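In: coordinates only, sequence not included:
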């Protein structure tokens, strides 16, 4: 037996994303953001997207291209603080924004990837984030029902991948990527380096390839991946 | 700044376990079972313990020593199939046994380690495992409330550790260990090798030391860790 | 292994399509790998934390830390991955497991499966069986057609505690290949040398017989 | 940084006891590390997935993949660990975070904290602040005593949307160190050169004054 090969081209991978898709996008700031997949998604121009991401990148970078092109209907994020364009689009009603506590967003995505229905948590109780949420009593204490978030597509950025889709991430570029790589019908990974099967040791794998559908090797790293000079 | 040192002796680490403690025990079969910590727990003879473990090891190994010595009040496990002594103790009413679906036990422990109240799942619906469990409706579908399982103590087995408690596991000895190492007030890790700070690369760490309280380096590996010849 | 069982295992191996992620239960199901070509593209999953299961090793070559869920000393192949028990069942529950082959005590004509408990006699716990049976995309049973006392395992309704409700799609036995359809059991193939009356006698529920020649295996 | 602020940061650094796991909010809190001895045993946590934060690096020495939650290019130290966002907040919510130092818009005398939203003006989302404020074992605020318009930030009740209810234990400001007690605010220390009437004037709620000499910082 031999593990299946899932490597494909950038164009073909992104063509699998339907109009109106809910798309998980890895990254916390620059590290771990799949900039090349996002550029191709802007080029192919799928619209009415719901994007789920920790943040909205910065103006002129990453998902900001999709917001600027009017491809985004809704964002589910933890904060938009570094992207004035996204805040303006929200304030002007051009995009809908749902805010989620950062660790709860991580857990909702993880629950989607783990095939659970929801998690129960007291995070957000006594705050605005509790508004409109289902409440369950556990041993007399109210807990919020935070539903699992499972998407049509996940776009993740790996440092190293093999053709089966086993992935490894660098430093703090890990962040939401391994969670998202479990939580979508179609998981597309871009990778800085594609090694042959066996090139990634079994205990160095951070996302098992069984969760991944398509692997795209990056031919170059655009400027967006570099150091941000503020 | 420098990371704190948590290395200690076997005797001192296990002395932190109180009578009547709920104790998570790593391992799936032999790999990952903290045999040395369990032997010391048998020697120190804490009683009325509730043990949480995937399985009950085999007769004459691991937690079977604690069951045989009458130290165990209750087991929470996924199956006992390989330990006739444990099945007999259950059938004679000497120990109480709670069975949990394997992945749900993993998720309950993980939820404990993640500071969540519970998970909602449809696993076990239509089976005996649903008996007596709280049910919540989500979009018209019944889901079981599986409460987080957080314990007094976790006993885990690492292959490599540093003095701060960063841990790495070998092959399938990982199993429940990283989940349990997050889910107790007192997390005690035994390790085959103790390396200096920096000896375990930041991206090779499978359990961050911030979750771990005590690290015990094994002076030798007893026969129990070896190949089982059936 | 008897000849009928070997043929059943060989036939069941054809369940595995290229590219699948597959979990093989302890016992007979594990043996189907012997009937796959060496370069067949498939990912085998072991619920104790491994994808890409390689060949079983003798004790003197074994790695003490590398077992499958049945406790056998296995090996890795290029591209294998290790993970914890939570990730392992995340894979099962989230629909990434294309196929599981499981053993059974009883299978009902509506697809109910009982394979983990015989009250008062055998109750060691279900391990991962409930999640595998409830969540694999396709659940296939491999079993002897009757139990050791000769009683049918394919029934109108299960009498034992269920593992999962309505999830079994197909049964490979030493007598036949049987599909579970909305109308109940339906014969697909007969084992060589088994007659239709023998099959009906050994089956505890009605079984639809296809028109025309019945293929054998 | 003004002298009063520097002294406040130096004083706040004494919150950190040996062996603690600590999360430092963006801005002033990050600066307390400059007041810890080089071999001080502490574990700094960054919620984007790092324990063991090392010194900030200039752009030409930076690793593009290694930032803290505020986007600063940081480094590792011996024993640092990387992990995903779920593990990172597992640490926060499960009680492994001994201390968090956070900024604030408003702090109420019952320990309520508002630091993430000013309706109609500033609503970029709370990021990880709600979990840090709700779940760190000890929540300490570092802030100017008044806002830019000179209005008090220490109030009888918060007017802005809450980050967490009743969780603030202590406040370090440029005027005072103030504890939140079951009876409300209680002065601990005064900044050098600040008088009691000035402090009362700048505080929007009653503040208990200890008997005897009031220590300064």
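Out: Great, that's in hand. If you're wondering where the values come from, they're calculated on a predicted model, not measured in any experiment.

In: So which bits of the helix or strand of chain C with the lowest mean pLDDT are buried?
Out: When the helices and strands of chain C are compared on mean pLDDT, DSSP states H and E, helix C:3-13 comes out lowest with a mean of 92. Neighbour counts over helix C:3-13 (16 or more other CB atoms under 10 Å in any protein chain shown) mark C:4, C:5, C:7, C:8, C:9, C:11, C:12, C:13 as buried. All C-beta spots, glycine's among them, are computed from the backbone N, C-alpha and C.

In: Between these, which sits nearest residue B:160?
Out: The closest of the buried residues of helix C:3-13 to residue B:160 turns out to be residue C:13 (CB to CB; 39.4 Å).

In: What are the boundaries of the helices in chain C?
Out: C:3-13, C:85-93, C:129-135, C:196-201 (DSSP state H).

In: do you know which of those lies nearest residue A:4?
Out: So among the helices of chain C, helix C:85-93 is nearest, using CB to CB, at 15.1 Å.

In: rewinding a little: also within reach of chain D: list those from the buried residues of helix C:3-13.
Out: Applying CB under 8 Å from any CB of the partner chain to these, one finds that nothing falls near chain D.

In: so can I have a markdown table of these showing distance to residue D:176?
Out: Listed next are the buried residues of helix C:3-13 as a markdown table, based on distance: CB to CB, whole Å:
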| residue | distance to residue D:176 |
| --- | --- |
| C:4 | 87 |
| C:5 | 82 |
| C:7 | 86 |
| C:8 | 81 |
| C:9 | 79 |
| C:11 | 81 |
| C:12 | 76 |
| C:13 | 77 |
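
In: will you turn those into a markdown table that also has distance to chain A?
Out: Below are the buried residues of helix C:3-13 laid out as a markdown table (distance: CB to the nearest CB, whole Å):
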| residue | distance to chain A |
| --- | --- |
| C:4 | 26 |
| C:5 | 22 |
| C:7 | 21 |
| C:8 | 20 |
| C:9 | 16 |
| C:11 | 18 |
| C:12 | 16 |
| C:13 | 11 |
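
In: Please name the nearest non-neighbouring residue to residue 87.
Out: Because you didn't say which chain, this covers chain A. Nearest non-adjacent residue to residue A:87, counting by CB to CB, 6 or more residues apart in numbering or on different chains: residue A:80, 5.3 Å away.

In: actually chain C
Out: Nearest to residue C:87 is residue A:208, by CB to CB, 6+ apart, at 6.9 Å.

In: Name all residues that make contact with residue 171.
Out: By default, I'm working from chain A. Residues counted as contacts of residue A:171 (CB atoms under 8 Å, 6 or more residues apart in numbering or on different chains) are A:31, B:202, B:203, D:50, D:63, D:65, D:66, D:82.

In: that answer is for a different chain, and I need it for chain C
Out: Counting by CB under 8 Å, 6+ apart, residue C:171 has contacts C:104, C:107, C:140, C:141, C:142, C:143, C:154, C:177, C:178, C:179, C:180.

In: possible to save those as a markdown table with distance to residue A:221 and pLDDT?
Out: Listed next are the contacts of residue C:171 as a markdown table, based on distance: CB to CB, whole Å; pLDDT from 0 to 100:
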| residue | distance to residue A:221 | pLDDT |
| --- | --- | --- |
| C:104 | 53 | 96 |
| C:107 | 54 | 98 |
| C:140 | 45 | 98 |
| C:141 | 50 | 98 |
| C:142 | 49 | 97 |
| C:143 | 54 | 96 |
| C:154 | 59 | 98 |
| C:177 | 53 | 98 |
| C:178 | 55 | 98 |
| C:179 | 52 | 98 |
| C:180 | 52 | 98 |
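
In: ok, of those residues, which come out buried?
Out: Buried subset of these (neighbour count, 16+ other CB under 10 Å): C:104, C:107, C:140, C:141, C:142, C:143, C:154, C:177, C:178, C:180.

In: Including distance to residue B:51, could these go into CSV?
Out: Formatted as CSV, the buried ones among the contacts of residue C:171 follow (distance: CB to CB, whole Å):
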residue, distance to residue B:51
C:104, 31
C:107, 35
C:140, 35
C:141, 33
C:142, 34
C:143, 34
C:154, 39
C:177, 44
C:178, 42
C:180, 39
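
In: Okay, and which of those residues map to strands?
Out: C:107, C:140, C:141, C:142, C:143, C:154, C:177, C:178, C:180 (DSSP state E).

In: can you put those residues in JSON lines and add distance to chain A?
Out: Output for these, formatted as JSON lines (distance: CB to the nearest CB, whole Å):
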{"residue": "C:107", "distance to chain A": "24"}
{"residue": "C:140", "distance to chain A": "18"}
{"residue": "C:141", "distance to chain A": "22"}
{"residue": "C:142", "distance to chain A": "19"}
{"residue": "C:143", "distance to chain A": "24"}
{"residue": "C:154", "distance to chain A": "29"}
{"residue": "C:177", "distance to chain A": "23"}
{"residue": "C:178", "distance to chain A": "27"}
{"residue": "C:180", "distance to chain A": "23"}
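
In: Which of those residues sits closest to residue B:216?
Out: After measuring those against residue B:216 - CB to CB - the closest member comes out as residue C:142, at 44.5 Å.

In: Now do the contacts for the closest one.
Out: C:8-9, C:12, C:25, C:28-29, C:32, C:101-103, C:171-173.

In: how many degrees apart are the top helix by length along chain A and helix C:85-93 in direction?
Out: Among all segments of chain A classified by DSSP H, the helix with the greatest residue count is helix A:102-113. Interaxial angle of helix A:102-113 relative to helix C:85-93 (axes from the mean of the first three to the mean of the last three CA atoms, to 10 degrees): 50 degrees.

In: Can you name every helix or strand that helix A:102-113 contacts?
Out: The contact analysis (3 or more CB pairs under 8 Å, 6 or more residues apart in numbering or on different chains; DSSP states H and E) places helix A:102-113 against strand A:118-121, strand A:141-147, helix A:177-180, helix D:85-93, helix D:129-135.

In: gap between whatever residue of chain A ends up closest to chain D and residue A:124?
Out: Residue nearest to chain D within chain A: residue A:103 (2.4 Å; CB to the nearest CB). Separation of residue A:103 from residue A:124 (CB to CB, to the nearest Å) stands at 11 Å.
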